[in-house]
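1. next come a sequence and a model predicted from it.
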Amino acid sequence: MKMAWVGLIGLIGVMGLAAYGAEPAGVMSEAYLKLWNPDVQERIEWDIRSNRMAEATLRLPSVKPGTDVTVEQLSHDFLFGGNIFLFGDLKTPEKNKQYEDTFGTLFNAATVPFYWRTLEPEQGKPRYSAESPYEYRRPPTDPVVAFCEFKGINMNGHVIIYGMRRWDHPTWMPEERKAMEPLFENHVRELAQRYKDRVQRWDVVNESINQANRGLTPDDYSFKTYTWANLLFQACTTRR
């Protein structure tokens with residue numbers, strides 16, 4: 001009986017082997033190539049075999065001798081993923097389908113963009129649904145979340161509040177701290193009500209210590225955002 005193993009571990013191993021020596025000249029800097037050497041590759045492969053792989057014995061009494069059997073790994077506790085910012089934005093149905101097929105087959109985790117500036121460019125009209133106007137690298141969130149659910153992909157919501165106004169605050173945000181505060185709280189509430197039981201993890205705040213580039217925000221916004229998130233996400237769970 002011949003057996004073929006197909007799974008995430010195998011894919012990572014193949015990717016690691018292909019990465020070394022497969023890059024055309026000029027793509028990687030000489031300094032980087034000095035770091036990426038056969039000793040490093042050997043250690044990577046050893047770590048994969050030691051920490052990511054294990055032997056198993058399968059008994060299949062109903063399978064006749066000489067039958068080819070394929071064992072496919074469908075899930076893994078280790079989260080392996082990337083951002084899914086280009087979902088639906090590859091200009092043709094064929095390319096979008098290829099993106100979905102590749103992402104959904106290779107990864108079991110995804111970072112979904114929830115940047116407030118592009119999520120709600122017009123106050124009171126958030127871009128949740130698939131019919132929403134498109135923004136580069138900021139797809140409407142409903143179809144992305146639905147796709148990840150269908151594929152069994154663990155999601156990270158990035159981000160509820162971003163400390164740098166350049167990336168987060170909508171242009172309609174008032175220029176007064178006290179006026180901002182209820183808007184921040186309501187934003188947390190909306191995300192909790194819509195996605196609490198669907199998105200597994202959230203970046204509640206991002207780059208909150210970058211004071212030089214923060215811009216105007218409510219006083220103690222990091223602490224307040226965590227407080228609102230803790231209360232509102234729990235409240236949504238209780239109601240359901």
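-> Received, thanks.

2. H76 reaches A109, doesn't it?
-> No. H76 lies out of contact with A109 (Cβ atoms under 8 Å); the separation is 10.0 Å. For glycine as for every other residue, the C-beta is placed from the backbone atoms N, C-alpha and C.

3. in terms of neighbours, single out the busier of these two.
-> A109 (18 against 14; other Cβ atoms under 10 Å).

4. distance of the more buried one relative to G88?
-> As defined by Cβ to Cβ, to the nearest Å, A109 lies at a distance of 19 Å from G88.

5. ditto for E149
-> As for E149, its distance to G88 is 16 Å (criterion: Cβ to Cβ).

6. okay, the two: which has more neighbours?
-> G88 (17 against 12).

7. now the more buried one: closest residue in space that isn't a chain neighbour?
-> P139 (5.2 Å; Cβ to Cβ, 6 or more residues apart in numbering).

8. which residues does that neighbour contact?
-> Taking Cβ atoms under 8 Å, 6 or more residues apart in numbering, we find P139 in contact with I84, F85, L86, F87, G88, D89, P113.

9. which of those count as buried?
-> Buried by 16 or more other Cβ atoms under 10 Å: I84, F85, F87, G88, P113, out of the contacts of P139.

10. tell me where this structure has helices.
-> Counting by DSSP state H, the chain has helices at residues 8-19, 30-35, 38-51, 93-106, 116-119, 141-151, 177-195, 221-239.

11. got the CA positions of the third one in CSV?
-> Provided in CSV are the C-alpha atoms of helix 38-51 (Å, rounded to 0.1, in the frame of the first residue of the first chain):
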residue,chain,number,x,y,z
PRO,A,38,23.1,26.0,4.2
ASP,A,39,23.6,25.9,8.0
VAL,A,40,20.6,28.1,8.6
GLN,A,41,18.5,26.0,6.2
GLU,A,42,19.6,22.8,7.9
ARG,A,43,18.6,24.1,11.3
ILE,A,44,15.2,25.2,9.9
GLU,A,45,14.6,21.7,8.5
TRP,A,46,15.7,20.1,11.7
ASP,A,47,13.3,22.3,13.7
ILE,A,48,10.5,21.4,11.4
ARG,A,49,11.1,17.7,11.8
SER,A,50,11.6,18.0,15.6
ASN,A,51,8.8,20.3,16.5
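
12. max-length strand in this structure?
-> Taking DSSP state E as the criterion, the chain has its longest strand at strand 154-162.

13. lowest average confidence, helix or strand, in the protein?
-> None of the helices or strands of the chain scores lower by mean pLDDT, DSSP states H and E than helix 8-19, at a mean of 35.

14. hang on, the earlier thing: and the furthest pair within the buried ones among the contacts of P139?
-> Between any two of the buried ones among the contacts of P139, the greatest separation by Cβ to Cβ is 12.1 Å, found for G88 and P113.

15. could you list the domains of this structure?
-> Here the domain parsing of the chain from automatic domain parsing is 3-72, 81-239.

16. please name the nearest non-neighbouring residue to S132.
-> That would be P140: by Cβ to Cβ, 6+ apart, it lies 4.2 Å from S132.

17. M164 touches N213, doesn't it?
-> Yes. If you go by Cβ under 8 Å, M164 and N213 touch, sitting 5.1 Å apart.

18. so between these two, which is more surrounded?
-> With neighbours defined as other Cβ under 10 Å, M164 and N213 compare such that M164 has more, 16 against 11.

19. pLDDT score for the residue in the chain sticking out farthest from the centre?
-> Using Cα atoms, centre = their mean, the residue of the chain lying farthest from its centre is P65. It sits 43.2 Å away. As predicted, P65 sits at a pLDDT of 90.
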